[in-house]
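*Asks:* need coordinates for the below:
(2 chains)
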Number of protein chains: 2
Amino acid sequence: MNTDGATSWQAVRDEVLRRIREREWKPGDRIPHEADLARELGCARATVNRALRAVAEDGLIERRRRAGSRVALHPVRKARLDIPVIRVEVESRGLPYHFSLTSKSDELPPPAIRARMKTAPDTPLMHVVGLHMAGGRPHALEDRWIDADAVPGVRDADFSTISPNEWLVLNVPFEGGDIAFSATTATREDAAALDCAPGAALFLTERTTWHGTRILTTVRLLFAPGYRLHTEI
Amino acid sequence: MNTDGATSWQAVRDEVLRRIREREWKPGDRIPHEADLARELGCARATVNRALRAVAEDGLIERRRRAGSRVALHPVRKARLDIPVIRVEVESRGLPYHFSLTSKSDELPPPAIRARMKTAPDTPLMHVVGLHMAGGRPHALEDRWIDADAVPGVRDADFSTISPNEWLVLNVPFEGGDIAFSATTATREDAAALDCAPGAALFLTERTTWHGTRILTTVRLLFAPGYRLHTEI
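*Replies:* Predicted coordinates:
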């Protein structure tokens, strides 16, 4: 590898990939120290570091600050997903945007929501339903539950002028959450709201957001037929 | 903010969020230098830096190395999406995994694939179709095109023992790609392969992967009903 005296990080990466692929380094094996690899391959330690970082981004090795690097047991490719505010997403496609509030009330949540929000059985939550419109056509149906005690100011928010989706992004410091994407079949009710045929295949996003130990909100976003969530990796 | 002499980064973050929310700092506005903010708020510059980093991760400000930070015109929440090898995903759910190769041949791709792969009209590509099975049931249908000239070794890969999905992760240093998620309706053919009803709502992943300027592969992964893609953010 070092015949011309300048080993590129790409060459080191390819050598590392070869060893993983040919099982010289097996899943779970510890990878030699960077300094040792650099000596062996006749290159700078920084070059090894750059190469291992690339392989780690590919998900083939796991790096731990103190424990060193290991060959991943379960290779995972990592993608970054940008989740824009729905208004911004619609406007970036050149379409006028409008949020139409259907209902906002305090309600006792159904058991599935209560479990997700981890609230006591007799605690009412804020329930907001509304429709994101793009170019005068239904774009997404938002069905959201909010723990108003955990979100300062939300009781005074005017969701007839700003969607809960956008209000929360602007007002709540975000800490953690989980998100699930799936496909579902339009019920008669969904179809009426989204102006599509009952039984149509719809893209569904379910998101739960927390701050510290407190669950702030959980939302179901159901998109009109044809929606694609796109990202670069 | 500085009554007790120790301003936390969280307090700085909340103050920054307040200014953005109340439009003291408007979308597109340049944010004061860290040193100036630190002086104004009576805290260490590192504290301001930590706070601005958190707000940037929330997508509310955009940081540029030289040009300084600005209030984001389009707030975007960033999620990390881990995309495991399908075998690993299935096995992590405790189900036995099997890949069943349906066909592998060199073919002239249809125009849509040719456009995506950016190949010349008369260039055949490797076309691989197969079924990922979980616990003896269809899990996902993989329909993939590969530019075999751009992927060393792929002509010798034995896709009856390893899926193209897994072979590519192990063999190809990954550089970039794009990915789209959507919902689609099962055609009669999809339904036969995935053992579901025609018209069922199916989760679809479309992924194109490149290395440098070369497009390596494009794949359509169609999941059996009930599939959810889950991630933490």
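*Asks:* least trustworthy helix or strand in chain A by mean pLDDT?
*Replies:* strand A:76-84 (a mean of 75; mean pLDDT, DSSP states H and E).
*Asks:* buried residues in the helix or strand just after it?
*Replies:* Next helix or strand after strand A:76-84 toward the C-terminus (DSSP states H and E): helix A:86-92. Buried residues in helix A:86-92, counted by 16 or more other C-beta atoms under 10 Å in any protein chain shown: A:86, A:87, A:88, A:89, A:90. Using the backbone N, CA and C atoms, a C-beta is placed for each residue, glycine as well.
*Asks:* distance from the chain centre to helix A:86-92, please.
*Replies:* On the basis of C-alpha atoms, centre = their mean, to the nearest Å, helix A:86-92 sits 18 Å off its chain's mean C-alpha point.
*Asks:* show me where chain A has helices.
*Replies:* With DSSP state H as the criterion, chain A has helices at A:9-21, A:34-41, A:45-57, A:86-92, A:111-117, A:164-171, A:188-194.
*Asks:* winner for burial among these?
*Replies:* Mean neighbour count, computed with mean count of other C-beta atoms under 10 Å in any protein chain shown, is highest for helix A:164-171 among those, reaching a mean of 20.
*Asks:* for chain A, give me the ranges with low pLDDT.
*Replies:* A:1-6, A:65, A:173-175 (pLDDT under 70).
*Asks:* how about 50 then?
*Replies:* By pLDDT under 50, the weakly predicted segments of chain A are A:1-4.
*Asks:* hmm, who's touching stretch A:221-233?
*Replies:* A:77-82, A:86, A:137-143, A:165, A:181, A:184, A:190, A:194-196, A:200-207, B:81, B:83, B:176-183 (C-beta atoms under 8 Å, 6 or more residues apart in numbering or on different chains).
*Asks:* ok, residue A:164 - contacts?
*Replies:* By C-beta under 8 Å, 6+ apart, residue A:164 lies in contact with A:128, A:130, A:142, A:144, A:146, A:157, A:217, A:219.
*Asks:* go on, residue A:147?
*Replies:* By C-beta under 8 Å, 6+ apart, the contact list for residue A:147 reads A:117, A:119, A:125, A:126, A:214, A:215, A:216, A:217.
*Asks:* what do you get for residue A:59?
*Replies:* A:72, A:75, A:76, A:77, A:78, B:82, B:169.
*Asks:* and the buried residues of helix A:86-92 as a markdown table, adding distance to chain B?
*Replies:* A markdown table is the format used below for those (distance: C-beta to the nearest C-beta, whole Å):
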| residue | distance to chain B |
| --- | --- |
| A:86 | 11 |
| A:87 | 9 |
| A:88 | 4 |
| A:89 | 9 |
| A:90 | 11 |
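*Asks:* rewinding a little: the least confident helix or strand of chain A near chain B at all?
*Replies:* Yes. Strand A:76-84 comes into contact with chain B (C-beta under 8 Å from any C-beta of the partner chain), by way of A:76, A:77, A:78, A:79, A:80, A:81, A:82, A:83, A:84.
*Asks:* distance of the third one relative to residue B:206?
*Replies:* The spacing between residue A:78 and residue B:206, counted by C-beta to C-beta, to the nearest Å, is 18 Å.
*Asks:* do the fifth one as well
*Replies:* As defined by C-beta to C-beta, residue A:80 lies at a distance of 17 Å from residue B:206.
*Asks:* more neighbours: the two, which one.
*Replies:* Using other C-beta atoms under 10 Å in any protein chain shown, the more surrounded residue of residue A:80 and residue B:206 is residue B:206, with 18 against 11.
*Asks:* would you format the contacts of residue A:59 as TSV with distance to residue B:27 included?
*Replies:* Conversion of the contacts of residue A:59 to TSV gives the following (distance: C-beta to C-beta, whole Å):
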residue	distance to residue B:27
A:72	41
A:75	40
A:76	35
A:77	33
A:78	30
B:82	32
B:169	40
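*Asks:* put the buried members of those into a ChimeraX selection.
*Replies:* Those of the contacts of residue A:59 that count as buried under 16+ other C-beta under 10 Å are selected in ChimeraX with:
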select /A:72,75,76,77 /B:169
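*Asks:* tell me the one among the contacts of residue A:59 nearest to residue A:28.
*Replies:* residue A:72 (8.4 Å; C-beta to C-beta).
*Asks:* in the sheet, who's paired with the nearest residue to the closest one once chain neighbours are set aside?
*Replies:* Sequence neighbours aside, residue A:62 is the residue nearest to residue A:72 in space, at 5.0 Å (criterion: C-beta to C-beta, 6 or more residues apart in numbering or on different chains). Counting by DSSP bridges, residue A:62 forms beta bridges with residue A:70.
*Asks:* measure residue A:62 to residue A:76 for me?
*Replies:* For residue A:62 relative to residue A:76 (C-beta to C-beta), the value is 9 Å.
*Asks:* related to what we said a few turns ago, now which of the contacts of stretch A:221-233 would you call buried?
*Replies:* Using 16+ other C-beta under 10 Å, the buried ones in the contacts of stretch A:221-233 are A:77, A:79, A:81, A:86, A:138-143, A:165, A:181, A:184, A:190, A:194, A:196, A:200-207, B:81, B:83, B:177-179, B:181-183.
*Asks:* in strands, which of these appear?
*Replies:* A:77, A:79, A:81, A:138-143, A:181, A:184, A:201-207, B:81, B:83, B:177-179, B:181-183 (DSSP state E).
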